[in-house]
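Novice: Any chance you can model this:
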Amino acid sequence: MKIIADTHAHTLASGHAYSTIREMAAAAKKRGLKALALTEHAPEMPGTCGLFYFQNLDVVPREADGVRLLMGAEVNIMDPDGTVDLPEKTCRDLDIVVASIHPPCYGLDHTREENTRAYVEVMKKPYVNIIGHPDDGRFPFDYETIVRTAKETGTLLEINNSSMRPQSSRKGTRENILTMLDLCRQYEVPVTTGSDAHVDVDAGNFTNVREVLDYCNFPEELVITTDWDRLKEFLGIR
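Specialist: Sure thing, here's the model as predicted:
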């Protein structure tokens, strides 16, 4: 299975990442990627860039070192109502939008039902393309509901390489990803691949992603990042 795109990565603009746009693009090229999404943390994440950063991304060339750049955001899911921390208009002007739960923005005290509702509500927003790292056991939710909602709304669920690092603070990630993939196969829901790289050496690093895909013999046709034309169509880009 050849993965040709990374739909979730960060540059130093996110505050706790360490490489520039060009450094990330060069690393993606070395790994043979056709496309790299740079999805900086949205404004409510401590230390990240502000609203004007995302409103000015039209000045950034969409190709570097022969790699197509998708300039976007990783918006924070703020509450069980699915509130996010960028305006709708700003999100619609971006190439790609990932929505994720992070402890500094969402907290750690919500119930399974509230977490499920948060994901369902955010997937109803047509400008949200991807649910980022839906694998963190610190935020339990009903996987079948989320997979079925992803199918209904056309939202991609992410297999996050960084989540499965031994150093990751996320809990139970590999087991949760396997549960999600089993349901995605059952309901024929496509997934995407994100390195969640915060430094250039990890751009396009899918070592852990490939391991779980191989382990469960997941169908290649359900991995949208193996087909550049299909990914472009999904995102509505030329």
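
Novice: Give me the distance from the longest strand anywhere in the chain to the chain's centre.
Specialist: Among all segments of the chain classified by DSSP state E, the strand with the greatest residue count is strand 67-76. How far strand 67-76 lies from its chain's middle: 9 Å, per C-alpha atoms, centre = their mean, to the nearest Å.

Novice: who does it touch, helix- and strand-wise?
Specialist: When contacts are defined as 3 or more C-beta pairs under 8 Å, 6 or more residues apart in numbering; DSSP states H and E, strand 67-76 packs onto helix 21-30, strand 35-41, helix 88-93, strand 96-100. In short, each C-beta sits where N, CA and C put it, glycine included.

Novice: how about a cut-off of 7 Å?
Specialist: Secondary structure elements in contact with strand 67-76, counted by 3 or more C-beta pairs under 7 Å, 6 or more residues apart in numbering; DSSP states H and E, are helix 21-30, strand 35-41, strand 96-100.

Novice: Turn those into CSV, columns for mean neighbour count.
Specialist: Shown next, in CSV, are the helices and strands packed on strand 67-76 (neighbours: other C-beta atoms under 10 Å):
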stretch, mean neighbour count
helix 21-30, 20
strand 35-41, 27
strand 96-100, 27
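
Novice: For the ones you listed, give me a markdown table that also has mean pLDDT and distance to residue 186.
Specialist: Formatted as a markdown table, the entries for the helices and strands packed on strand 67-76 read as follows, by pLDDT from 0 to 100; distance: least, C-beta to C-beta, whole Å:
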| stretch | mean pLDDT | distance to residue 186 |
| --- | --- | --- |
| helix 21-30 | 98 | 32 |
| strand 35-41 | 98 | 27 |
| strand 96-100 | 98 | 23 |
